[in-house]
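Visitor: Got a predicted structure plus its sequence, pasted below:
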Amino acid sequence: MIDVAVHGALGKMGRQVLSTLCDAADMRPVGGIDAMAKTDRVSLPDGSGEIPLAPTTEKLLERVRPNVVVDFTNGDAAPPVFRACASAGVHIVSGSTGWRDEDLEEAGRLAEQGGVGALIAPNFALGAVVLIHLAKIAGRFFDYAEVLEAHHEEKVDAPSGTARAIAEAVAQGGDKTFTRQMPTKEPVPGTRGGAEYGVSIHATRMPGRLAHHELLLGTAGQTLSLRHDSINRECFMPGVLRGIQYVVDHRGLVVGLENILDL
């Protein structure tokens, strides 16, 4: 059995991960970490019992030693988890977005120094990973590319990590910076959205949505659209389970779920 603790255990994604672990044949939840913890134990979603809960990774590791910590928080809260886990020899799977380049570099060093496996992925939905893979293939055939993404109103970062990953993938596939047509007049500044690699990125935030990403590609006389919709948080769980199974058997940092799949 792989013993797993969840960082962000009281959040929506954290509760979904705990629920999935309760049903996994080769894993079990053994602890939770959440900055909002008010008690020292938390009930499992399936009603099968309680597990230790702590406000920090360090405090949880004083009480229980998991094989893996799964982190679903944000780019500010995740790096301290890496530091604590790597120094304790605990593997890490992170779905947090908003990582800075310097934090990713530090995470790689810590994983190597601690001899642990680590995976950081902006999206654990297998369909979104396939979209990123297809973006690399399609990029070289088109001159224009734009990304549209929509999330719920509580998402803290915009654009999403997945939207940025799509823009990077399509640019890598085409080995170029795309043409970004700008208007002669822009009565409302910023209407064309942000941009990376010449790819315009447009983000919306409102209730009633979870996660939606669409890549629009264009060239003379034709367009191509690639779209992925996450309907509920269950769609991320097969990718999370694959990530857990991967890190216990590998050492060092991998960024992107696509890098552990046969694509």
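Guide: Great, that's in hand.

Visitor: Which helix or strand contains the closest residue in space to Gly114 that isn't next to it in sequence?
Guide: Leaving aside its sequence neighbours, Gly114 sits nearest to Ala86 (CB to CB, 6 or more residues apart in numbering; 3.4 Å). All C-beta spots, glycine's among them, are computed from the backbone N, C-alpha and C. Assigned by DSSP states H and E, Ala86 belongs to helix 78-88.

Visitor: Using PDB, write down the CA coordinates of the helix or strand following that helix.
Guide: Remark: after helix 78-88, the chain's next helix or strand is strand 91-94, criterion DSSP H and E. The C-alpha trace of strand 91-94 is given here as PDB (Å, rounded to 0.1, in the frame of the first residue of the first chain):
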ATOM      1  CA  HIS A  91       7.700  11.900  -2.500                       C
ATOM      2  CA  ILE A  92       5.600  14.800  -3.900                       C
ATOM      3  CA  VAL A  93       2.800  15.200  -6.500                       C
ATOM      4  CA  SER A  94       1.600  18.800  -7.000                       C
END
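
Visitor: Show me which positions of the helix or strand just after strand 91-94 end up buried.
Guide: Once the chain leaves strand 91-94, the next helix or strand it forms, by DSSP H and E, is helix 101-114. Neighbour-count burial for helix 101-114, counted by 16 or more other CB atoms under 10 Å, picks out Asp103, Leu104, Glu106, Ala107, Gly108, Leu110, Ala111, Gly114.

Visitor: Mind pulling up the pLDDT for Pro187?
Guide: Note on Pro187: pLDDT of 94.

Visitor: Ignore what I typed, I meant Thr177.
Guide: Reading off the model, Thr177 has pLDDT 84.

Visitor: what about it, neighbour count?
Guide: By other CB atoms under 10 Å, 12 other residues sit near Thr177.

Visitor: Could you do Pro52 as well?
Guide: As a measure of burial, Pro52 has 17 neighbours, counting by other CB under 10 Å.

Visitor: Could you report the distance from Val147 to Gly173?
Guide: The gap separating Val147 from Gly173 is 14 Å, by CB to CB, to the nearest Å.

Visitor: Understood, closing this out.
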